[in-house]
Each structure stands twice: as C-alpha cells, then as structure tokens.
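Student: Here's my sequence, what's the structure:
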Amino acid sequence: MGKYYEYAHTVGFEETNIVGNVYYVNYLRWQGRCREMFLKERAPEVLADLQDDLKLFTLKVDCEFFAEITAFSELSIRMRLQELAQTQVEFSFDYVRLDPDGTETLIARGRQRIACMRGPNTRTVPARVPDALARALEPYAS
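Tutor: Here you go, the predicted model:
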C-alpha cells in the first residue's frame with residue numbers, strides 16, 4: 001500500500017470499558033484526531049481558512065474491527081487519501097497495534113468522508129476542496 005500519514009497513540013484507561021476493551025467511539029475520535037494533526041503538520045494554511053469561513057463536515061464514518069486492544073496498547077493510526085472530489089474528501093484509516101517485539105497487527109480499518117462548505121453557519125454552501133489541502137494530501141493517495 002502507498003504512503004500514509006501516521007498518528008501515534010497510547011491507549012489510556014479512560015478509553016476502555018470495565019472489561020478492559022476499547023470503546024468503539026474512541027476509534028472514531030482517533031480518526032478525527034489523526035485528521036486534525038495532519039492539518040496542523042501538513043496543511044496549516046487550511047487551519048487559518050477554518051478560522052475564516054471554511055467548514056469541514058463529516059458526512060460518513062465507519063470502522064471494522066479485527067482484533068481487541070486494551071489500555072497501554074501502542075497504536076499507529078495510518079491515514080491515506082482514498083478519494084479526492086471537487087467538494088469532498090474520503091480518507092481510509094488503518095489501526096495498527098505496535099507490539100514491543102516489533103510485530104505490527106492490523107486491529108481495525110476505517111473510513112471517513114468529509115465535505116467542504118463555506119459561508120455563515122445559517123447558509124453554508126458546498127465549496128471546492130482548498131488547493132492547500134489537495135496538495136498536502138497528494139503523497140498519501142492509496
């Protein structure tokens with residue numbers, strides 16, 4: 001598979017249930033965090049645009065599980081560009097457990113689709129994906 005943007009995460013107790021397994025919602029939170037860190041590190045111009053009138057709406061999100069993880073699991077959340085359309089972007093995410101012996105295990109796979117919108121909150125309209133975002137995503141196309 002192609003190059004990916006990587007967000008490293010260590011699972012904490014607050015992200016698990018009483019049995020010690022990770023709550024489903026955290027996988028979705030990690031997708032959002034990975035996307036945010038990508039913008040901060042690779043497309044800071046887009047962050048400035050978000051302070052103006054650009055909005056990124058999440059249209060769809062999903063996650064499929066293959067293995068369990070628990071508190072203090074070390075993860076690599078790997079984001080790739082799945083599709084770049086005029087006003088929308090779709091990302092894919094691989095959740096990989098990094099074991100102390102160097103083994104990597106794919107524990108989940110997810111997707112997220114966002115739409116770019118502009119305008120005041122009461123009248124947003126579809127907008128083109130910002131050039132800065134499209135350029136930053138190019139190396140991560142799958």
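Student: When you work out contacts or count neighbours from here on, use the C-alpha atoms and nothing else.
Tutor: Fine.
Student: Residue 28 looks like it's in a helix, true?
Tutor: Yes. The assignment for residue 28 is a helix, going by DSSP: H, G, I helix; E, B strand; the rest coil.
Student: ok, it - how many residues close by?
Tutor: For residue 28, the neighbour count with other CA atoms under 10 Å is 17.
Student: From what I see, it and residue 64 are in contact.
Tutor: No. The pair residue 28 / residue 64 is not scored as a contact, 10.9 Å apart, by CA atoms under 8 Å.
Student: Could you give the average pLDDT over the strand ranked longest in the chain?
Tutor: What stands out as the longest strand in the chain, according to DSSP state E, is strand 104-118. For strand 104-118, mean pLDDT rounds to 98.
Student: Show me what that strand packs onto, helices and strands only.
Tutor: Other elements packing on strand 104-118 under the criterion 3 or more CA pairs under 8 Å, 6 or more residues apart in numbering; DSSP states H and E are strand 54-65, strand 88-98, strand 125-126.
Student: For residue 33, find the nearest of those strands.
Tutor: strand 88-98 (11.7 Å; CA to CA).
Student: Give me the distance between the closest one and the centre of its chain.
Tutor: 6 Å (CA atoms, centre = their mean, to the nearest Å).
Student: That one vs strand 104-118, what angle?
Tutor: Between strand 88-98 and strand 104-118, the angle comes out at 160 degrees (axes from the mean of the first three to the mean of the last three CA atoms, to 10 degrees).
Student: Return the distance of the nearest residue to residue 70 once chain neighbours are set aside relative to residue 135.
Tutor: Spatial nearest neighbour of residue 70, chain neighbours left out: residue 21 (5.1 Å); criterion: CA to CA, 6 or more residues apart in numbering. According to CA to CA, to the nearest Å, residue 21 stands 38 Å off from residue 135.
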